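Colleague: Give me the fold of what follows.
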Amino acid sequence: MPAEKETKAFPAAANTRVPFALALSALAGCADAIGFLEFSQLFMSFMSGNTTRLGAAVSLGEWGNVTRVGSTIALFCFGAFLGTLLAAAVGYWRLAVLLGLQALLLCVGLIMPRGPEEFPLHAYPIVLALGMQNAVLQDEEGRSLALTYVTGAVVRFGTGLANLLLGHPSPSFWIQAPLWAALTVGAIAGGLLHGAFGERAFLVPAVVAALLAGIALVMTLVHGDGPLVSGTRSPAPDAAATAPPVV
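Modeller: Residues are numbered from 1 along each chain as shown. As a prediction, the model looks like this:
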């Protein structure tokens, strides 16, 4: 599918962006399920769930759990912050750089000390990696694609159906249901992998991220800043409509 010249998407070409989006959504579901089962029901990427748990812990006075969940939310937010700055800094190398860092962080979690219950140090690199993942891809309007959570995808699909009936659906409407399905399949795989391998199951999403980074690196070396691996006028993820393009 040829890329439109005026799109704010990253990469501009849908035949790169969509397969990467589905693969990364499945990766996130897999890592989140493994983490949920391994770290006593602590979500690695589902911050809506962690926020509910944080509120419940505060109401019950479980201050150790407040620290545990609150630090996870803060680190995920920092991952999105860091990923966005890196995306703006590295330009058309974004796919290779961010996915390579993600693969590294998913492996680092396996060698980190477990830490006290209040500070799950071994989970933090995984949370950071999944926070950064949200800065990898952008839709046609320059918004970061919801790759690690499905609330946004479900809402956009529902509103997209309404707008379809009204005759003006968003260009990114149709990808929302496949993103939900990919994350669900990834979560099922993550649960099965954790049952078989325990914490070592994180090596599977790490390998997937490394393979995607390798593919992105080769594509970047071959195509440079072409639409297959870059944007035509993409701003930083989720920037204001008036923001200048960075790639």
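Colleague: Can you name the next helix or strand after the helix or strand Val97 falls within?
Modeller: Using DSSP states H and E, Val97 sits in helix 94-111. The helix or strand immediately downstream of helix 94-111 is helix 124-133, counting by DSSP H and E.
Colleague: Give me the distance from the helix holding Val97 to the chain's centre.
Modeller: 12 Å (Cα atoms, centre = their mean, to the nearest Å).
Colleague: Go through that helix and flag the buried ones.
Modeller: Residues of helix 94-111 classed as buried: 94-103, 105-109 (neighbour count, 16 or more other Cβ atoms under 10 Å). For every residue, glycine as well, the C-beta is placed using N, CA and C.
Colleague: Output the contacting helices and strands for it.
Modeller: The elements that helix 94-111 packs onto, with contact taken as 3 or more Cβ pairs under 8 Å, 6 or more residues apart in numbering; DSSP states H and E, are helix 63-90, helix 124-133, helix 203-223.
Colleague: Go again with 6 Å.
Modeller: If contacts are counted by 3 or more Cβ pairs under 6 Å, 6 or more residues apart in numbering; DSSP states H and E, helix 94-111 sits against helix 124-133, helix 203-223.
Colleague: Return the alpha-carbon coordinates of it using PDB.
Modeller: C-alpha atoms of helix 94-111 as PDB (Å, rounded to 0.1, in the frame of the first residue of the first chain):
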ATOM      1  CA  ARG A  94      13.800   4.900  15.600                       C
ATOM      2  CA  LEU A  95      12.600   1.300  14.900                       C
ATOM      3  CA  ALA A  96      16.000  -0.300  15.200                       C
ATOM      4  CA  VAL A  97      17.100   1.800  18.200                       C
ATOM      5  CA  LEU A  98      14.000   1.500  20.300                       C
ATOM      6  CA  LEU A  99      13.400  -2.200  19.600                       C
ATOM      7  CA  GLY A 100      17.000  -3.000  20.300                       C
ATOM      8  CA  LEU A 101      16.800  -1.300  23.600                       C
ATOM      9  CA  GLN A 102      13.600  -3.100  24.400                       C
ATOM     10  CA  ALA A 103      15.200  -6.500  23.700                       C
ATOM     11  CA  LEU A 104      18.100  -5.600  26.000                       C
ATOM     12  CA  LEU A 105      15.800  -4.400  28.800                       C
ATOM     13  CA  LEU A 106      13.700  -7.500  28.700                       C
ATOM     14  CA  CYS A 107      16.800  -9.600  29.200                       C
ATOM     15  CA  VAL A 108      18.200  -7.400  31.900                       C
ATOM     16  CA  GLY A 109      15.200  -8.100  34.100                       C
ATOM     17  CA  LEU A 110      16.300 -11.700  34.300                       C
ATOM     18  CA  ILE A 111      19.700 -10.800  35.900                       C
END
